[in-house]
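>>> sequence plus the predicted model coming up.
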Amino acid sequence: MQVKEVLDQPYAKRFFIARFITNYGNGMSPIALAFGILALPNGSANILGLVLGITTAMFIIMAPFGGVIADKYGRARMVGVTDMAAGAILFVQVAYFATGHVPIAVLLIVNGCYGLLWGIFWPAFTGVMPAIVPKEGLQKANAINSLMANGGLILGAASAGFLIDTYGAAITLGIDAATFLISGAMVFTLRHLTPIIKDSKNSMIDDLVHGWKVFTSFRWIVIIVMSFSFILMCWAAAENVLGPLVALEHFNGAKSWSFVITAESAGLIVGALIAIKLKFKYPIRFLQISSFTVTFYILSLGKPQSLLVIAFCAFLFGITLDLWSTLWYTALHRKVPQEALSRVSSFDALGSVMFKPIGLAIAAPLSTLMGMQNLIFLLAGITVLAIVLPLFSKEVWNMSYEDLPKDQVSLR
């Protein structure tokens, strides 16, 4: 299936535009939240790590149930509802930032609620695409979706530094909240594509257990999820906590870190373009080896290098990150039974971010205890082990798309 054929599907354009809108806000929000918290009278890197950690912790709690909810009550419906609810709750945080004083309790409650909603949104979202595009067009559809989402991210990240300096974190976070409301309303109109299951007699626990059995039946999925739990832990600590600290100490604060995140987002776009054009015979093997870009990205924060070097490493990692997003979800869409897709995606997401709150919570204290440079070397070393060890598994090394046409381009 060609790109034009994917775009000609009745609801594809609406879905892709919604992703662009919400990711425009998502591109701004990490930068705005980080520098907004650091600028508060009671702000600190420890509070930033705690707030980011509570978001992920609540996601981890909700994600397994989120997959069941999505499969049972309609994936597109739940994407729309959770997006709109997230926009509403984030406006509460915006109101406090506008006053210049945000109690820690407000930060924890708002971002904790956002994490719970995210735990429903993500497994629901990952299961919508097969209802919009036929199976043979899934890789291109996932790549186009990534391209649109990443276009939003890069524009949002590029806007963030200017908006924060000119209008402040509150306005920037307010724009982010508005994008959730708009995107959620658009996806909610697609709810008929993934209808509510009315005749199911299974309890939530029954569905949860069944989803877990399907998830663990794919050994290559389990191994990669375990690997990514450590990679994401190190990446989150480096990018979300240590990165802004490096930018404040050595560069020009929000504008400098916005430049780095923009470069990473540009890499995401390049990755999406690569995924549109090429097919990979052994996608998981290729992706795992390409993940060494995260190691270089983390190491670039060490001395630190020049801002251009850091941005270039972020750009390379962005390419890898988007290829992971496109090819990984294409693999899930093709290999996992459709009726259990959101539940399997929820366990995938749960396992992948399992250690992320730990990385966010310990980054600032450990940097004080052992020094920024030593911590960066430690995080980089962990990523190397997490990347290399799964490659010894035959299931990971030899995983391929069973229905890949013979005339497609293959990369080994």
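Thanks, I have it. Numbers count the residues shown, from 1 in each chain.
>>> switch to C-alpha atoms for all contacts and neighbour counts from now on
Noted.
>>> mind listing what residue 219 touches?
residue 395 (CA atoms under 8 Å, 6 or more residues apart in numbering).
>>> cool, residue 390 as well?
With contact taken as CA under 8 Å, 6+ apart, residue 390 is in contact with 223, 224, 227, 396.
>>> check these and tell me the two furthest apart.
227 and 396 (11.3 Å; CA to CA).
>>> got the buried residues for the one helix or strand residue 115 maps to?
Using DSSP states H and E, residue 115 sits in helix 104-126. The neighbour-count check on helix 104-126 (16 or more other CA atoms under 10 Å) flags 107-126 as buried.
>>> what's the following helix or strand after the helix or strand hosting residue 329?
Secondary structure from DSSP H and E places residue 329 in helix 307-335. Once the chain leaves helix 307-335, the next helix or strand it forms, by DSSP H and E, is helix 341-352.
>>> which secondary structure elements does the helix holding residue 329 sit against?
Helix 307-335 is packed against helix 138-167, helix 254-277, helix 283-290, helix 292-300, helix 341-352, with contacts defined by 3 or more CA pairs under 8 Å, 6 or more residues apart in numbering; DSSP states H and E.
>>> and with 7 Å instead?
If contacts are counted by 3 or more CA pairs under 7 Å, 6 or more residues apart in numbering; DSSP states H and E, helix 307-335 sits against helix 138-167, helix 254-277, helix 283-290, helix 292-300.
>>> what separates the last one from the chain centre, distance-wise?
A distance of 18 Å separates the centroid of the chain from that of helix 292-300, by CA atoms, centre = their mean, to the nearest Å.
>>> relative to helix 307-335, how tilted is it?
Counting by axes from the mean of the first three to the mean of the last three CA atoms, to 10 degrees, helix 292-300 lies at 150 degrees to helix 307-335.
>>> can you tell me what sits against helix 292-300?
238, 309, 310, 313, 314, 316, 317, 376, 377, 380, 383, 384 (CA atoms under 7 Å, 6 or more residues apart in numbering).
>>> for burial, what's the neighbour tally of the nearest residue to residue 145 once chain neighbours are set aside?
Using CA to CA, 6 or more residues apart in numbering and skipping residues adjacent in sequence, the residue nearest residue 145 is residue 16, 5.6 Å away. For residue 16, the tally of surrounding residues (other CA atoms under 10 Å) stands at 21.
>>> wait, residue 16 touches residue 148, no?
Yes - between residue 16 and residue 148 there is a contact under CA atoms under 7 Å: 6.2 Å.
>>> shared neighbours, these two?
Among the neighbours of residue 16, none is also in contact with residue 148 (CA under 7 Å, 6+ apart).
>>> so what's residue 337 up against?
By CA under 7 Å, 6+ apart, the contact set of residue 337 is empty.
>>> and residue 218, its phi and psi?
phi -100, psi 100 (degrees, to the nearest 10).
>>> for residue 371, that is, sorry about that
phi 90, psi 140.
>>> how close does it sit to residue 362?
Distance of residue 371 to residue 362, computed by CA to CA, to the nearest Å: 13 Å.
>>> one more: residue 370?
Residue 370 sits 11 Å away from residue 362, going by CA to CA.
>>> tell me how many other residues crowd residue 182.
Neighbour count for residue 182, taken as other CA under 10 Å: 17.
>>> ok so, going back, now tabulate the helices and strands packed on helix 307-335 in JSON lines and tack on distance to residue 173.
Output for the helices and strands packed on helix 307-335, formatted as JSON lines (distance: least, CA to CA, whole Å):
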{"stretch": "helix 138-167", "distance to residue 173": "9"}
{"stretch": "helix 254-277", "distance to residue 173": "14"}
{"stretch": "helix 283-290", "distance to residue 173": "33"}
{"stretch": "helix 292-300", "distance to residue 173": "27"}
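>>> could you dump those helices into TSV and include mean neighbour count and distance to residue 42?
Listed next are the helices and strands packed on helix 307-335 as TSV, based on neighbours: other CA atoms under 10 Å; distance: least, CA to CA, whole Å:
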stretch	mean neighbour count	distance to residue 42
helix 138-167	24	19
helix 254-277	24	18
helix 283-290	20	40
helix 292-300	22	28
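>>> how many other residues sit next to the residue nearest to residue 391 when sequence neighbours are not counted?
In this structure, residue 391 finds its nearest non-sequential neighbour in residue 397, 5.8 Å apart by CA to CA, 6+ apart. When neighbours are counted by other CA under 10 Å, residue 397 registers 17.
>>> residue 370 and residue 362: which has the busier surroundings?
residue 362 (16 against 10).
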